[in-house]
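**Student:** fold the following.
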Amino acid sequence: MDPSTPPKEEPEPFKITIIFSAEHFSEPWTFSHPPLLDELVTECEQTWPQYDWEKTKAIPTGRNKPPGFKALLKTPEDESLDLAPLNNLSLKLMAPKISDITSLQAASSEAATRRLTRAERHRQARLRAERIAASSPRKPRIAGFGASQGDAQYTFHSIRPLPHLPNPERSLAFLERLRDDPGIRSAMKKHQFSVGLLTEMDPGEYTESTHEGTTRILGLNQNKGQAILLRLRTDAYDGYRDYKTIRKTLCHELAHNVHSDHDRKFWDLTHQIEREVHAADYKKGGRTVGGEEYAPEREGGDYGEEDEVVDHGGWVGGTFVLGGGGSGSASGNGNGNEGGQEAGLSMREMMARAAEQRYKSLEQKLRKLKTPGGKEEKKDGEGGSRPAA
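**Tutor:** So this is what the prediction gives:
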């Protein structure tokens with residue numbers, strides 16, 4: 001070597017602090033030259049082979065980050081990126097664990113399989129219900145009722161069970177029986193009732209239990225006859241409610257085709273329809289639908305002790321409610337605000353009104369028991385507080 005030639009200076013080593021929180025690692029690494037991101041990832045792969053470094057993310061940190069340098073580095077997009085600007089800075093690395101990825105992929109595959117199975121089950125149920133509806137015989141010709149134009153106009157123009165519930169064919173048979181009931185047909189023709197859809201409701205969606213008891217909605221009239229929903233099934237979905245109870249609920253819902261509010265006119269029409277249906281039912285009973293037996297009426301009603309059957313204000317918002325005696329205002333669409341009078345009531349509001357009505361009824365009974373002859377005392381301003389004659 002020529003003594004006059006100055007010695008060649010060795011380049012300074014490249015230092016970068018690697019932060020990998022998954023392994024609680026934070027130490028400086030030294031390279032003989034500024035590496036590419038791919039070279040750094042190769043070192044990481046040799047150090048921690050249990051991680052998937054093909055999906056690496058890296059975030060430069062430090063006070064003196066170079067301006068314009070990417071804030072987030074990814075592989076494989078940034079594999080050829082030169083890390084020279086990050087000398088003496090820190091780089092925070094993130095990579096998924098291979099075992100976690102495998103478990104996640106397996107769980108995702110199982111979830112996708114379950115979704116496909118559930119969708120296929122629902123599809124088969126819909127097809128089965130459609131086949132039953134298509135193969136069911138036309139409306140039978142009943143003695144005393146001719147197939148007149150009025151019969152075709154004043155009826156339920158569509159009936160539909162819920163295909164996702166068990167045995168939709170039984171629900172279809174129940175709805176057809178209601179549609180073809182001689183009393184119902186006679187009342188609908190007399191009052192010129194036309195209903196777009198008659199269907200069932202899912203008991204689980206219209207039941208709420210609290211410390212005060214259980215509230216069950218038995219019927220719902222939407223938009224004054226656009227659709228009527230009836231609670232056909234028992235709470236456990238293992239049977240069907242008494243036919244006559246459901247038919248009485250239907251009479252109530254038909255009255256909502258004319259009157260939204262539960263005023264005197266509404267109740268007069270409801271009771272009139274009930275009498276007409278009973279009088280026109282030449283069979284006066286029958287307990288089978290689709291060849292299977294349904295629960296008969298029990299003494300005291302078709303419900304348990306927690307169910308207080310209410311027929312004087314227990315209907316709220318165009319619905320028939322069990323378990324309460326509230327006197328809420330009704331609305332024809334079944335969920336509130338007819339003509340801006342009053343917003344629809346939630347299930348909690350229905351129960352509050354029911355409890356208030358029961359308390360008032362109890363007070364009235366107690367006052368009668370305390371007065372001679374069982375009559376209430378007159379309040380002040382109504383002739384004094386002496387017992388009524």
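
**Student:** can you name every helix or strand that the longest helix anywhere in the chain contacts?
**Tutor:** Ranked by residue count under DSSP state H, the longest helix found in the chain is helix 98-135. Under the contact criterion of 3 or more C-beta pairs under 8 Å, 6 or more residues apart in numbering; DSSP states H and E, helix 98-135 touches strand 159-160, helix 168-180. Backbone N, C-alpha and C define where each C-beta goes, glycine included.

**Student:** name every strand pairing with the first one and say which way it goes.
**Tutor:** Using DSSP bridges, the neighbouring strands of strand 159-160 in the sheet come out as strand 197-200 (parallel).

**Student:** hmm, who's touching the partner strand?
**Tutor:** For strand 197-200, contacts defined as C-beta atoms under 8 Å, 6 or more residues apart in numbering pick out 156-162, 165, 171, 174-175, 178-179, 226-233.

**Student:** list only buried entries from those residues.
**Tutor:** For the contacts of strand 197-200, a burial check counting by 16 or more other C-beta atoms under 10 Å picks out 156, 159-162, 165, 171, 174-175, 178-179, 227-233.

**Student:** which helix or strand in the protein has the lowest average pLDDT?
**Tutor:** Lowest by mean pLDDT, DSSP states H and E among the helices and strands of the chain is strand 315-316, with a mean of 39.

**Student:** wasn't Ala152 part of a helix?
**Tutor:** Yes - counting by DSSP: H, G, I helix; E, B strand; the rest coil, Ala152 is located in a helix.

**Student:** what distance do you get for Pro13 to Trp29?
**Tutor:** Here Pro13 is placed at a distance of 10 Å from Trp29 (C-beta to C-beta, to the nearest Å).

**Student:** correction: Thr207
**Tutor:** For Thr207, the distance to Trp29 (C-beta to C-beta) stands at 64 Å.

**Student:** contacting residues around the helix or strand harbouring Phe266?
**Tutor:** For Phe266, the host element (DSSP states H and E) is helix 264-280. Helix 264-280 is contacted from outside by 181-187, 190-191, 247-248, 251-252, 254-256, 258-260, 284, 312, 330, using C-beta under 8 Å, 6+ apart.

**Student:** tell me which residues of it come out buried.
**Tutor:** Neighbour-count burial for helix 264-280 [16+ other C-beta under 10 Å]: 266-267, 269-270, 273-274, 276-277, 280.

**Student:** repeat that for stretch 64-72.
**Tutor:** Judged by neighbour count (16+ other C-beta under 10 Å), stretch 64-72 contains no buried residues.

**Student:** need the residues that contact it.
**Tutor:** 57-60, 78, 81, 85-86, 89.
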